[in-house]
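Engineer: Give me a 3D structure for the following:
(one chain, ligands or ions: 2)
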Amino acid sequence: MIPLLHDFTDETVLIFGGGPVGARKARRFAREARVIVVSPAFADREFGAAERVRAAPDPADVPAWLERTEPALVVAATDDAAVNEAVADAARDRGALVNRADRSGERDVGSVVVPATVREDPVTVAVATGGTAPVLSKYLREELEETLSGAGEMAWVCGELRAELKARDVPAERRRSIVTDVVNSPDLWTALRTGTSNCAQVIEDVLGEERSGGDRT
Ligand SMILES: C[C@@]1(CC(=O)O)c2cc3[nH]c(cc4nc(cc5[nH]c(cc(n2)[C@H]1CCC(=O)O)[C@@](C)(CC(=O)O)[C@@H]5CCC(=O)O)C(CC(=O)O)=C4CCC(=O)O)c(CCC(=O)O)c3CC(=O)O
Ligand SMILES: NC(=O)C1=CN([C@@H]2O[C@H](COP(=O)(O)OP(=O)(O)OC[C@H]3O[C@@H](n4cnc5c(N)ncnc54)[C@H](O)[C@@H]3O)[C@@H](O)[C@H]2O)C=CC1
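Structural biologist: Ligands and ions are numbered 1, 2, ... in the order given. You can find the predicted model right below:
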């Protein structure tokens, strides 16, 4: 399986099952999608901005829910295998993506896995174990949270720097060398992590050195 990123802005995500797993997936997708959770009961958990609809669809009722809500992704997170199976079938029929929370291993096209994710906007890191050990994905996610501290700010610095260097017609080779030096600077990482420097200041310093013909290496 190969990880890909999918933008769910302005899309609907339909979740069947209001247990702890349905709640976790609802919080995740409600970051950018409109999320609807269908379930006869809801766990005492945070569901983010998701809309909760109390219903207990039979397998035969599932396709009508997809017709009504036109989701880009459907999550099967009930404790009823027949309902989860019907969700997967209905999604396949409509060409929607499907995530089965009760299955691991090989998947059909369109059947996707939700990895453990670390966010340091705009940086995203996803961890999966091929379904062998989701709890290891969770552990590694927690470890990576520390490692990634400052990476978001570093990404903004590099993005801004690349745009400024392009606008100044700095040749591609030189641009690459400057950005590579910035990313490889331990002092800069420390400064961004501790907040003793920020994006605007770094850009100013680097462009200043470039103007005066300084070599950062
Ligand atoms: C295939 C996959 C499908 C999918 O859901 O996309 C799947 C499937 C299953 N999970 C099961 C169990 C658990 N899953 C977790 C936790 C997470 N599971 C997540 C993803 C995935 N889980 C996908 C594979 C990812 C990979 O490859 O690693 C995470 C990363 C993302 C998320 O769900 O948001 C999230 C951590 C989020 C975080 O904290 O960062 C915990 C721990 C806990 O809840 O604390 C347990 C209990 C411990 C245990 O059983 O190991 C079971 C058995 C159910 C049963 O026995 O009934 C199945 C079904 C099966 O294995 O067949
Ligand atoms: N992917 C993952 O991270 C994990 C997956 N699982 C799997 O996911 C399933 C769900 O996990 P939990 O939330 O812990 O289970 P749970 O049993 O606490 O919740 C299941 C939810 O489904 C609802 N439900 C039952 N029939 C329904 C129907 N016809 N339509 C809509 N909703 C219905 C129930 O009311 C309940 O809210 C488990 O059965 C297990 O197979 C379990 C743990 C972690």
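Engineer: Arg193: what secondary structure?
Structural biologist: The three-state assignment at Arg193 reads helix, by DSSP: H, G, I helix; E, B strand; the rest coil.
Engineer: Who are the contact partners of it?
Structural biologist: Listed by CB atoms under 8 Å, 6 or more residues apart in numbering, the contact set of Arg193 reads 149-150. In short, each C-beta sits where N, CA and C put it, glycine included.
Engineer: and if you look at the one 10 residues further on?
Structural biologist: In this structure, Ile203 makes contact with 157, 160-161, 164, judged by CB under 8 Å, 6+ apart.
Engineer: before we move on, which element is it in?
Structural biologist: Assigned by DSSP states H and E, Ile203 belongs to helix 199-211.
Engineer: Next, the buried residues of that helix.
Structural biologist: The neighbour-count check on helix 199-211 (16 or more other CB atoms under 10 Å) flags 199, 202-203, 206-207, 210 as buried.
Engineer: Let me have the residues you listed in a markdown table, extended by distance to ligand 1 and pLDDT.
Structural biologist: Below are the buried residues of helix 199-211 laid out as a markdown table (distance: CB to the nearest ligand atom, whole Å; pLDDT from 0 to 100):
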| residue | distance to ligand 1 | pLDDT |
| --- | --- | --- |
| Cys199 | 28 | 81 |
| Val202 | 31 | 84 |
| Ile203 | 33 | 85 |
| Val206 | 35 | 85 |
| Leu207 | 39 | 86 |
| Glu210 | 41 | 81 |
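Engineer: Including distance to ligand 2, could the residues you listed go into JSON lines?
Structural biologist: What follows is the buried residues of helix 199-211, written out as JSON lines (distance: CB to the nearest ligand atom, whole Å):
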{"residue": "Cys199", "distance to ligand 2": "36"}
{"residue": "Val202", "distance to ligand 2": "39"}
{"residue": "Ile203", "distance to ligand 2": "41"}
{"residue": "Val206", "distance to ligand 2": "43"}
{"residue": "Leu207", "distance to ligand 2": "46"}
{"residue": "Glu210", "distance to ligand 2": "48"}
